[in-house]
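In: what follows is a predicted protein model with its sequence.
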Amino acid sequence: MNRYKKLLGNSVVIAIGNLGSKLITFLLVPFYTYTLTKVQFGTVDLLTTSVNMLLPIVTLSTFDAVFRFAMDKSGNKDVILTNGIIISLAGSAITALLVPVLAVMHVSMPIYIYFLLVSSAFVSLLLNFSRAIDQIKTYAFSGILGTVLIAIANIVLLWWFKTGVQGYIISMILSNSIVIIFLCCMIRIWKKVRFQYASTNLMKKMMFYSVPLIPNAFSWWVNSSADRYFILAFVGAGANGLYAVANKIPSLLNILNQVFFQSWQMSAVEEFDSEDASTFYSKTFNYFLSFQFIGAAGLLLMLKPLMKIIVSSSYYIAWEYIPFLLMAVIYSSLSGFLGTTYTAAKRTAGIFLTTLVGAISNILLGFIFVPWLGIQGASFAGFLSFAIVLGIRLIDTKRFMPVIIDKKNFILNHFIISIMIIVLFLSMNFVWEQVVELFLFSLIMVVNRNLFIEVWHSQKNKK
């Protein structure tokens, strides 16, 4: 199968699962804004963000190692899964010590946080394994299943029983638990896991690969989420609720990006040693770049009308923080694309070092901009720090996988998006504002027309 067709085909299957699940999540935003106060929404966002930070530490990023090693044609997938589970079980047992520590620190719901961490760890492990063994449909459906379960549990616990933050966390734990059972059944885990497969040598190799990803994941988390703590410290928990809502719109673009990345990781590994790998990577990168700007322009076009529909009036002002958050998503996604070249080459130390620079930049910029500009300063700091990571990775990856960027396209897209953002803040007549934004969106579609031509040719050849 043509590699572009395979990439597109995998993306479509994963998209069906992810878009269905994320659409449900997005539709729940109005529900959350009516059932949770700004402080509660901000607290939920901080808790889930903190769990995401701790997840790579608890698991030693084993889920990444399981995916990468299981993708190797010479690897015994059952042995890899078994050793991945052993590492995760050990990490979960050690993490139990975190519960009394959190209790002493007067952190609320330490038991719930622990079970959310452990259940999330095994969901990640099994999802990555199912993707590595090409069970893409199982991988995709599990996303829908998990989200539907969260939605049902949230409606019951938040609306009916009015359990607030605690109900939200319980919903996630229940969802994770049922998804784990589903994945175990689909991959027939009882036929694959044999503890006699335990191999100290293999576990060392897997950890040698995955351990550098822990500080990388932490640094990436700092780059993506530390702004929330700056807002909490300098502005307040209520402002964090606004920031959390503002992040929901850029998350729509991020959802599509994650769909692409989940299929691209497989293609990146498979094609890394091919003769024209650099051309393949470069071409795909530039198509991905075009998609980023088209997606961002589309969201900017719909931004104000969409916010009026999906959130209560007290949250509407959050639209002001979305443009720079969208730019942060563009840069983080392009940086993430280049990150796959490190994992395909098994150069995970390079990912960590480049991400660390971005994390340090984010912290420094957060200290500068958040006290000065408030919530807007947080979005601005995130945007700039991811831009720094992208620039460094474009230079660094030339050593082993040169990715050539279409500079003309890159500059034109930035110019048009910048004008769209300026128009939003000019306080024009709403109708004229939408006319101008629609014109600029049409212009960005023309600039990136090669993306549509490539997709058309791929589908035409497929027939």
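Out: Ah, there it is.

In: okay, buried residues for the strand or helix carrying residue 249 please.
Out: Assessed by DSSP states H and E, residue 249 sits inside helix 237-271. For helix 237-271, the neighbour count (16 or more other Cβ atoms under 10 Å) marks 237-269, 271 as buried. (Glycine included, C-beta is placed from N, CA and C.)

In: starting at the chain centroid, how far to it?
Out: Put simply, helix 237-271 sits 4 Å off its chain's centre (Cα atoms, centre = their mean, to the nearest Å).

In: any idea of the mean pLDDT in it?
Out: Over the span of helix 237-271, the pLDDT mean works out to 79.

In: by how many degrees do the following helix or strand past that helix and helix 237-271 diverge?
Out: Per DSSP H and E, the first helix or strand lying C-terminal to helix 237-271 is helix 277-310. Going by axes from the mean of the first three to the mean of the last three Cα atoms, to 10 degrees, helix 277-310 is angled at 150 degrees with respect to helix 237-271.

In: tell me which stretches of this structure form strands.
Out: Read by DSSP state E, the chain holds no strands at all.

In: pLDDT-wise, which helix or strand of it ranks last?
Out: None of the helices or strands of the chain scores lower by mean pLDDT, DSSP states H and E than helix 3-27, at a mean of 64.

In: tell me where the model's unsure across this structure.
Out: Judged against pLDDT under 70, the low-scoring parts of the chain cover residues 1-27, 216-226, 454-463.

In: list the residues that contact residue 117.
Out: Each residue near residue 117 by Cβ atoms under 8 Å, 6 or more residues apart in numbering is listed here: 51, 54-55, 58, 92, 95, 98.

In: what's the distance between it and residue 102?
Out: As judged by Cβ to Cβ, to the nearest Å, residue 117 and residue 102 stand 11 Å apart.

In: do residue 268 as well
Out: For residue 268, the distance to residue 102 - Cβ to Cβ - is 38 Å.

In: could you do residue 113 as well?
Out: From residue 113 to residue 102 the distance is 7 Å (Cβ to Cβ).

In: these two: who's more crowded?
Out: Per other Cβ atoms under 10 Å, whichever of residue 113 and residue 102 has more neighbours is residue 113, with 21 against 15.

In: would you confirm that that one contacts residue 46?
Out: No: using Cβ atoms under 8 Å, residue 113 is not in contact with residue 46; the gap is 11.3 Å.

In: wait, residue 307 touches residue 314, no?
Out: No: look at residue 307 against residue 314 with Cβ under 8 Å: they stay out of range, at 11.9 Å.

In: between the two, who's got more neighbours?
Out: Neighbours of residue 307 and residue 314, each counted by other Cβ under 10 Å, are more numerous for residue 307; the result is 20 against 14.

In: tabulate the contacts of residue 117 (a markdown table), appending neighbour count and distance to residue 198.
Out: Shown next, in a markdown table, are the contacts of residue 117 (neighbours: other Cβ atoms under 10 Å; distance: Cβ to Cβ, whole Å):
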| residue | neighbour count | distance to residue 198 |
| --- | --- | --- |
| 51 | 18 | 28 |
| 54 | 20 | 25 |
| 55 | 22 | 23 |
| 58 | 21 | 20 |
| 92 | 17 | 16 |
| 95 | 17 | 20 |
| 98 | 17 | 25 |
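
In: farthest pair within these?
Out: Farthest apart among the contacts of residue 117 by Cβ to Cβ are 51 and 92. That separation is 13.5 Å.

In: what about stretch 311-318, distance to the chain center?
Out: 24 Å.

In: who touches it?
Out: 29-30, 33-34, 38, 241-243, 245-246, 307-308.

In: now residue 42: closest residue in space, sequence neighbours ignored.
Out: residue 240 (3.3 Å; Cβ to Cβ, 6 or more residues apart in numbering).
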